[in-house]
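J.: task: produce atomic coordinates for the following.
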Amino acid sequence: AEKFENAVRALQEAQKEKVAAIEGANEQAREINREAKELDESRAKKQMRLQLMTESSKITDQSCEDTKKKLDKESAVHQELALKRAKIDKELEELNAHNRHAQQEAQRMFVICRLNESTGGNVLATDQRKKCMLLYLKGIRPRRQVPTVLAVSCCRAAYGLQHCGSRRQRSADNGGP
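T.: Numbering: from 1, shown residues only. I've put the predicted structure just below:
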């Protein structure tokens, strides 16, 4: 009977060891399952983060393309407006030149009309005065081409001036040397 009890005790101890080993294996399996679950959750979080970054990158790329299109469009508009401005500036220069020419022509015509009025239709005097006034309008003071008295009277007739020309011309007009 002692042998039997020893065998039962040995079996009970072996059973306890086996139960402890099974519990250890179960605990190890639970630990492995928990770690696997944590790895799956971590992988899912990383996958979600990757997906968010991919979508964010797509949105950024689309925004970059939109901005580039807007920049290209604005650049084209800027170039078009710069060309229009250059064209308008050139046209303005041409109009200003035409305006200056027209003003000079009008002034010349005014002078000629005043000369015609002052000469009473004397063609020779009118031609000499026209020469005088054309030279005067160009900034050249007439000297030997036209008599001094005629140059002074030409200036007076055209502009209604009291004094015109050089000091020598004024003194000649006043009867001086």
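J.: any idea how the chain splits into domains?
T.: 1-102, 120-177 (automatic domain parsing).
J.: residues near residue 52, how many?
T.: Residues lying near residue 52 (other CB atoms under 10 Å) number 10. For the C-beta atoms, the positions are set from N, CA and C on the backbone; glycine is no exception.
J.: got it, and the one 5 residues further on?
T.: Summarising burial for residue 57: neighbours were counted as other CB under 10 Å, giving 10.
J.: quick thing: my sequence starts at 36, can you match it?
T.: With 36 as the first residue, the last one maps to residue 92.
J.: one step back: looking at the domains of the chain, which has the lowest confidence?
T.: Mean pLDDT is lowest for domain 155-212 among those, at a mean of 51.
J.: from the contact counts, what lies against the host helix or strand of residue 149?
T.: In the assignment (DSSP states H and E), residue 149 maps to helix 37-154. Where contact means 3 or more CB pairs under 8 Å, 6 or more residues apart in numbering; DSSP states H and E, helix 37-154 is packed against helix 158-172, helix 183-194.
J.: how far away is residue 56 from residue 75?
T.: Separation of residue 56 from residue 75 (CB to CB, to the nearest Å): 28 Å.
J.: correction: the previous question concerned residue 112.
T.: Taken as CB to CB, the span from residue 112 to residue 75 is 55 Å.
J.: could you do residue 97 as well?
T.: For residue 97 relative to residue 75 (CB to CB), the value is 33 Å.
J.: same thing with residue 120?
T.: The gap separating residue 120 from residue 75 is 66 Å, by CB to CB.
J.: cool, residue 143 as well?
T.: To residue 75, residue 143 is 100 Å away according to CB to CB.
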